[in-house]
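*Asks:* have a look; sequence and predicted model below, questions after that.
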Protein chains: 2
Amino acid sequence: MNAADPKSNRLLAALPEADWPRWQPLLEWVDMPLGEVLYESGRTLSHVYFPTSAIVSLLYVMENGASAEIAVVGNEGVVGISLFMGGESTPSRAVVQSAGRGVRMRAQTIKEEFNRAGPVMHLLLRYTQALITQMAQTAVCNRHHTLDQQLCRWLLLSLDRLQGSELTMTQELIANMLGVRREGVTEAALKLQKIGLIRYARGHIHVLDRAGLEARTCECYAVVKKEYDRLLPDRTAT
Amino acid sequence: MNAADPKSNRLLAALPEADWPRWQPLLEWVDMPLGEVLYESGRTLSHVYFPTSAIVSLLYVMENGASAEIAVVGNEGVVGISLFMGGESTPSRAVVQSAGRGVRMRAQTIKEEFNRAGPVMHLLLRYTQALITQMAQTAVCNRHHTLDQQLCRWLLLSLDRLQGSELTMTQELIANMLGVRREGVTEAALKLQKIGLIRYARGHIHVLDRAGLEARTCECYAVVKKEYDRLLPDRTAT
DNA sequence: GAAGCTATGTACGGTAACGCACATAGCTTC
DNA sequence: GAAGCTATGTGCGTTACCGTACATAGCTTC
């Protein structure tokens, strides 16, 4: 499976074989450049997006302009669950956090596919439950864990959704996602660099010691990862 | 509609008339005493619960014993969404936070009802989306808002799920839900009492000025309330 | 290769919440 | 009505992060 295959999205890869011939022509490749807004708070969505190499942040932007990431979606998931959940919109924004590609499907189409009420629906619902766990754990993490731990968690979440060990990502951007000061991220990143877990410069972060990050982060990362693995096995029975 | 009517749960009230005769015998009244655990992290659920007068907290308990509330469910919703979402369990705990009653339905039954893929399913999914918004906003609130604001939000969320203006609730318990120190809640509650918004003593809180609480809390309360009202109209078309 | 922009580093006072220790005071139990 | 428990109040040093200001240094552009 190469990067030009929609099935490099794990959700699409888990589609039953029987549904694939119908789906293939319904999917449209799209570039997802850094910073692109896939949907805006309260606006009706036109498509759902299945990232293949891009990573998308779901974030809430407060009245005063400050923001906080609610969850992150990469090649394991889909952006725009409110379409099939029935709300059409949500009070959050989806922004491309790491440039790449993906495929999208028209709003009406995904609703029709969902409403077939078969394996596709159950797959999407299990994914939604995994996403719920991620949001819940984000709430817990924001309450109880240090910036150091949260940075590790965030790097690992991103790493899991990319191939390779390099992230293209400024500290300013990370700060926006975590909802903290840029200076705070600088301090935390410096520590990680000093103990040799990462190396970075001007918007490029190399992860040198993944296990080291895992040892340093809070339990939140593992809880979420375990739940994704449980709910979304690499290959779903067809 | 009195308290002995299952339809004092708004979700049940919104059921299509056509489904009601089938549902009624499938529901079982249960008392929900303070502190009762409806489900435990990672455990398969035996029932879903539709509170009528009780309030249930969904919370995550960390390895070190500290906890944080992820969302709250009262007479507007249902506890145990993972049953119909397909995961069977979630990494959180559901605890009765305010004693009362509710009705429950067996796990297998709710799955069958959901899988009819009709109005019941779409109602439950819209509720789930509202719950997702609450969780997301909890994450944002934990990140950005003060304990004072969060206490107001929490009191309002509870108030919305009860009749009357009195909460039976110690500061210790509130602290556990919010994931903060009990002393912090004492301080915040003292301020609210001094300016005349609440009056309390030994586990009983009277809200004297609801509008005052709304003025003092953060935007999170209104965002969530608006989304619940949007997704769960008082009467769903039948 | 000079100028300008962007990303990162550093410093410092302020503050919200923490951990801990202990005081008070209202119910309950006998 | 004394003893004991539970809920609430208070004090104090500590910590993590904030807001702000400014310094450095690596790309980019001409």
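*Replies:* Now that the structure is in, tell me what you want to look at. Values in this document were obtained by computation on a predicted structure and should not be read as measured data. Residues are numbered from 1 along each chain as shown, chains lettered A, B, ... in the order given.
*Asks:* what are the structural domain limits within chain A?
*Replies:* What automatic domain parsing lists as the domains of chain A is A:6-142, A:146-217.
*Asks:* just name the most buried of these.
*Replies:* domain A:6-142 (a mean of 20; mean count of other Cβ atoms under 10 Å in any protein chain shown). (Glycine included, C-beta is placed from N, CA and C.)
*Asks:* that one close to DNA strand C?
*Replies:* No. Domain A:6-142 is not in contact with DNA strand C by Cβ under 7 Å from any atom of the strand; minimum separation 10.0 Å.
*Asks:* now the spatially most central residue of chain A. Its backbone dihedrals?
*Replies:* Chain A has A:Val73 as the residue nearest its centroid, 1.7 Å off, counting by Cα atoms, centre = their mean. Backbone torsions for A:Val73, taken as degrees, to the nearest 10, come to phi -130, psi 130.
*Asks:* in a markdown table: the domains of chain A, plus mean pLDDT and distance to chain B.
*Replies:* Formatted as a markdown table, the domains of chain A follow (pLDDT from 0 to 100; distance: least, Cβ to the nearest Cβ, whole Å):
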| stretch | mean pLDDT | distance to chain B |
| --- | --- | --- |
| domain A:6-142 | 96 | 4 |
| domain A:146-217 | 95 | 4 |
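*Asks:* among the ones you listed, which is nearest B:Arg10?
*Replies:* domain A:6-142 (16.3 Å; Cβ to Cβ).
*Asks:* so what's the residue nearest to the centre of chain A up against?
*Replies:* A:51, A:55-58, A:79, A:94, A:131 (Cβ atoms under 8 Å, 6 or more residues apart in numbering or on different chains).
*Asks:* what's the helix or strand that A:Lys226 is a member of in contact with?
*Replies:* Assessed by DSSP states H and E, A:Lys226 sits inside helix A:219-231. Residues outside helix A:219-231 that contact it (Cβ under 8 Å, 6+ apart): A:76, A:126-127, A:129-130, A:133-134, A:137-138, A:140-141, A:145, A:152-153, A:156-157, A:160, A:214, B:62-63, B:86-87, B:90-91.
*Asks:* need the CA coordinates for it. CSV is fine.
*Replies:* The C-alpha trace of helix A:219-231 is given here as CSV (Å, rounded to 0.1, in the frame of the first residue of the first chain):
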residue,chain,number,x,y,z
GLU,A,219,-0.7,7.7,31.3
CYS,A,220,-3.0,9.6,29.0
TYR,A,221,-1.1,8.6,25.9
ALA,A,222,-1.2,4.9,26.6
VAL,A,223,-4.8,4.9,27.6
VAL,A,224,-5.8,6.5,24.3
LYS,A,225,-3.6,4.4,22.2
LYS,A,226,-4.8,1.2,23.8
GLU,A,227,-8.4,2.2,23.1
TYR,A,228,-7.7,3.0,19.5
ASP,A,229,-6.1,-0.4,19.0
ARG,A,230,-9.0,-2.1,20.8
LEU,A,231,-11.7,-0.4,18.8
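*Asks:* buried sites along that helix?
*Replies:* If you call a residue buried by 16 or more other Cβ atoms under 10 Å in any protein chain shown, then helix A:219-231 has these buried ones: A:219-221, A:223-225, A:227-228, A:230-231.
*Asks:* of the domains of chain A, which is nearest B:Thr186?
*Replies:* That would be, of the domains of chain A and by Cβ to Cβ, domain A:6-142, which comes in at 22.9 Å.
*Asks:* first to last residue in that closest one, what's the distance?
*Replies:* 34 Å (Cα to Cα, to the nearest Å).
*Asks:* over to stretch A:112-123?
*Replies:* End-to-end for stretch A:112-123, by Cα to Cα: 15 Å.
*Asks:* can you give me how far it is from the chain middle?
*Replies:* Centre-to-centre, stretch A:112-123 and its host chain are 22 Å apart (Cα atoms, centre = their mean, to the nearest Å).
*Asks:* show me what that stretch is in contact with.
*Replies:* A:11, A:14-16, A:19, A:23, A:26, A:84, A:105, A:124, A:236, A:238, B:86, B:115, B:117, B:121.
*Asks:* same thing but 6 Å
*Replies:* A:14, A:16, A:19, A:84, B:86, B:117 (Cβ atoms under 6 Å, 6 or more residues apart in numbering or on different chains).
*Asks:* any idea which of the buried residues of helix A:219-231 is closest to DNA strand C?
*Replies:* A:Glu219 (15.6 Å; Cβ to the nearest atom of the strand).
*Asks:* how close does the closest one get to A:Ala139?
*Replies:* 14 Å (Cβ to Cβ, to the nearest Å).
*Asks:* now do A:Phe50
*Replies:* On the measure of Cβ to Cβ, A:Phe50 and A:Ala139 end up 26 Å apart.
*Asks:* again with A:Ile81
*Replies:* 18 Å.
*Asks:* would you mind listing what in chain A touches DNA strand D?
*Replies:* A:146-148, A:179-181, A:183-184, A:201-202.
*Asks:* now do the spatially most distant residue from the centre of chain A against DNA strand C, distance only.
*Replies:* The C-alpha centroid of chain A is most remote from A:Lys194, which lies 28.1 Å away (Cα atoms, centre = their mean). Going from A:Lys194 to DNA strand C by Cβ to the nearest atom of the strand, to the nearest Å gives 10 Å.
*Asks:* check A:Asp209 too.
*Replies:* For A:Asp209 relative to DNA strand C (Cβ to the nearest atom of the strand), the value is 17 Å.
*Asks:* I'd say that residue and A:Leu197 touch.
*Replies:* Yes. Counting by Cβ atoms under 6 Å, A:Leu197 is a contact partner of A:Asp209 at 4.6 Å.
*Asks:* need phi/psi at the closest residue to A:Met32 other than its chain neighbours.
*Replies:* Spatial nearest neighbour of A:Met32, chain neighbours left out: A:Ala54 (3.8 Å); criterion: Cβ to Cβ, 6 or more residues apart in numbering or on different chains. Backbone torsions of A:Ala54, given as degrees, to the nearest 10, read phi -80, psi 160.
*Asks:* tell me the contacts of A:Ala54?
*Replies:* A:Ala54 sits in contact with A:32, A:96, A:100, A:102, where contact means Cβ under 6 Å, 6+ apart.
*Asks:* any chance of the residues you listed in JSON lines, with secondary structure too?
*Replies:* What follows is these, written out as JSON lines (DSSP: H, G, I helix; E, B strand; the rest coil):
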{"residue": "A:Met32", "secondary structure": "strand"}
{"residue": "A:Val96", "secondary structure": "strand"}
{"residue": "A:Gly100", "secondary structure": "strand"}
{"residue": "A:Gly102", "secondary structure": "strand"}
